[in-house]
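Q: Got a predicted structure plus its sequence, pasted below:
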Amino acid sequence: MSRTAPRPTKPAKVVSIHERAFDNLRFIRETMERAGAFTAVPGWGGILMGVSALLTAFLTAKLPSRELWFEAWIGEALLAFAIGLFAMIQKSKAIKAPLLYGPGRKFALSLLPPMLAGAVLTIYLYKYALYDVVPGMWLILYGVAVMTGGAFSVNVVPLMGMSFMALGTAALFSPQEWANLYMGVGFGGLQILFGAIIARRYGG
């Protein structure tokens, strides 16, 4: 009876000491970066904020006046702020990353000035019924707030801020009939997209 020859075994992959050292250094670097970054940016909260904005864009598309449209979006902004703050507090508790100390404090102090500037300009625009400027101004200043705060957070956050700023710039130079579309795409679509990325990569 003939005997079958044994199958040749695949040689074990040899990992050089240089590759292993490089991987270890990369792991240490990424760990240190995360330790110095504010990681309680809420991904699921961002998704909820985006969903509420999409609903607002849908419901306000046929309102009879620009003033009602503006007031509806003010309500949406307040709702989104409440959702984001609640989600951030819950995530910071879950991952034990305090909001008022270390990276969390730097994140908040960087986020706050552009948001306050947006609030002041919003009052001015409402006073003089300059509603057409609102989408571009909101998107740009929200993007600035996210980008400056993102300097103390994970890498995807500044990219999110840049995306909002680019969309806001386009909104400023677009016809006023596109205002609701820009609001929905920005505060709805972009918020959901980056919220999903943050939720998947950074623990919710």
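A: That came in fine, so what should we check first? Numbers count the residues shown, from 1 in each chain.
Q: what about the helix or strand hosting E71, distance to the chain center?
A: Per DSSP states H and E, E71 falls inside helix 66-95. A distance of 13 Å separates the centroid of the chain from that of helix 66-95, by Cα atoms, centre = their mean, to the nearest Å.
Q: which regions of this structure sit below the pLDDT cut-off?
A: 1-40 (pLDDT under 70).
Q: For this structure, which segments count as helices?
A: In the chain, the helices defined using DSSP state H lie at 17-35, 43-60, 66-95, 103-127, 134-150, 156-172, 179-183, 191-201.
Q: Now for A129, how many residues are close by?
A: 10 (other Cβ atoms under 10 Å). (Each C-beta comes from the backbone N, C-alpha and C, glycine too.)
Q: Ignore what I typed, I meant K96.
A: Neighbourhood size, K96 [other Cβ under 10 Å]: 7.
Q: and the gap between M88 and P98?
A: Noted for M88: a distance of 11 Å to P98, by Cβ to Cβ, to the nearest Å.
Q: which of the two has more neighbours?
A: Using other Cβ under 10 Å as the criterion, M88 and P98 rank with M88 on top: 21 against 13.
Q: Surely that one touches G45?
A: Yes - contact criterion Cβ atoms under 8 Å: M88 and G45 qualify, at 6.6 Å.
Q: The residue nearest to L54 when sequence neighbours are not counted and I140, how far apart?
A: Excluding the flanking residues, the one nearest L54 by Cβ to Cβ, 6 or more residues apart in numbering is G188, at 3.7 Å. Distance check for G188 against I140: by Cβ to Cβ, it reads 17 Å.
Q: now do D132
A: Going from D132 to I140 by Cβ to Cβ gives 14 Å.
Q: Who has more neighbours out of these two?
A: Just comparing D132 and I140: by other Cβ under 10 Å the higher neighbour count belongs to I140, 22 against 17.
Q: isn't the more buried one right next to S163, touching?
A: No - look at I140 against S163 with Cβ under 8 Å: they stay out of range, at 11.4 Å.
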